[in-house]
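Visitor: Sequence and predicted structure, then a few things I'm wondering about:
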Amino acid sequence: MKCKVTLDTVSKREENGLISCRINLLRPHMTSHDLPRPQKNGDSRTLLRMRELVEASGVPKSTILHYVNEGILPQPVKTSVNMAYYDPVCIERIKFVKTMQTRHRLPLTKIKQLLTLRDQGQDVTLRTELVQTIFGETAGDLIGVDLFCETTGLTPRQVRDLLGANLLLPLNPDAFDQEDISLGTMYAGALNRGLTVEDFTFYPKLGKKIVDEEMALRRRLTHHLPEEADAEQTLRLVQAARATRSYIIDRLFQKRVAAAASLKDDGLLS
């Protein structure tokens with residue numbers, strides 16, 4: 001006589017921070033999906049299976065596992081080799097990550113820092129405002145290299161050259177936003193008119209010098225401040241730096257043109 005053995009009940013108790021399981025036999029035709037779900041200690045909320053978390057968050061399983069490995073999401077409760085349950089808080093955390101990535105183009109490392117501070121009970125409102133000011137908001141979805149080439153008219157080799165020269169600076173590797181697309185389209189037109197990538201390389205060189213000076217100034221003004229005051233002062237400095245860059249460069253250009261007798265005037269060069 002053959003008998004099919006399946007799980008009947010699983011009871012759990014906590015010993016020294018570890019969960020021990022007592023497995024009892026058996027009711028025919030029962031699977032692990034029929035077992036009572038585990039709950040967080042002291043919390044009545046029912047944990048979620050992966051399928052349910054995927055449906056609720058709108059991101060694929062691979063992304064969820066990546067977030068867990070990166071420490072963005074808490075580790076699941078494992079009840080067997082192939083069964084894990086996730087804290088419902090993961091839904092809100094995933095939505096926060098998606099908002100920071102898609103709306104503000106924030107790298108995952110910076111998002112993790114914000115989540116860590118929030119987990120420590122700190123108010124991240126000011127830091128979030130700082131992030132929004134620095135990274136701004138983006139319109140539309142990020143696109144990959146192939147679609148970027150199709151949209152801008154650049155060839156894959158031109159894109160590689162522009163990336164190598166720091167003339168294209170996507171915030172996420174191989175993912176381009178609307179600002180990248182606008183500048184890429186401009187580069188494509190310039191290259192088609194006979195300019196080269198090398199003709200533009202003074203921009204990142206001089207830009208780096210400006211950013212280095214701005215960072216040194218910020219450091220001098222904020223190194224003695226606590227975190228919250230540092231964030232508030234940095235927010236003001238970022239706003240001032242952005243306005244000053246645009247104003248100074250545009251006015252220098254305008255004054256040079258205004259002082260020239262014609263477009264052929266050598267005075268335009270100095």
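Guide: Thanks, I have it. Residues are numbered from 1 along each chain as shown.
Visitor: Low-confidence stretches in this protein?
Guide: 1-45, 138-139 (pLDDT under 70).
Visitor: residue ranges of the helices in it, please?
Guide: 50-57, 61-69, 89-102, 108-119, 125-135, 145-152, 156-164, 178-192, 202-222, 227-259 (DSSP state H).
Visitor: Can you tell me which of those is nearest to Asn82?
Guide: Taking C-beta to C-beta, helix 50-57 is the member of the helices of the chain nearest to Asn82, at 10.2 Å. Heads up, the C-betas are built off the backbone N, CA and C, glycines and all.
Visitor: Could you pull up phi and psi at the spatially closest residue to Asn192 that is not a sequence neighbour?
Guide: Nearest non-adjacent residue to Asn192, counting by C-beta to C-beta, 6 or more residues apart in numbering: Gly153, 7.7 Å away. The phi/psi pair for Gly153 (degrees, to the nearest 10) reads phi 90, psi 0.
Visitor: Could you double-check that Gly153 lies in contact with Ala188?
Guide: Yes. In terms of C-beta atoms under 8 Å, Gly153 counts as a neighbour of Ala188; the distance is 3.9 Å.
Visitor: Neighbour count: the two, which is higher?
Guide: Ranked by neighbour count (other C-beta atoms under 10 Å), Gly153 and Ala188 place Ala188 first, with 19 against 14.
Visitor: Provide a list of residues in contact with the more buried one.
Guide: 152-154, 158 (C-beta atoms under 8 Å, 6 or more residues apart in numbering).
Visitor: 10 Å instead?
Guide: Contact analysis of Ala188 by C-beta atoms under 10 Å, 6 or more residues apart in numbering lists 149, 151-155, 158-159, 162.
Visitor: and what of Phe176?
Guide: By C-beta under 10 Å, 6+ apart, the neighbours of Phe176 are 142-145, 147-149, 151-152, 159, 168, 170, 183-184.
Visitor: Tell me the buried residues within those residues.
Guide: Using 16 or more other C-beta atoms under 10 Å as the burial test, the contacts of Phe176 include 142-143, 145, 148-149, 152, 159, 168, 170, 183-184 as buried.
Visitor: Any chance of CSV for the residues you listed, columns distance to Arg256?
Guide: Listed next are the buried ones among the contacts of Phe176 as CSV, based on distance: C-beta to C-beta, whole Å:
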residue, distance to Arg256
Leu142, 37
Ile143, 37
Val145, 37
Phe148, 34
Cys149, 35
Thr152, 30
Val159, 32
Leu168, 27
Pro170, 32
Leu183, 23
Gly184, 28
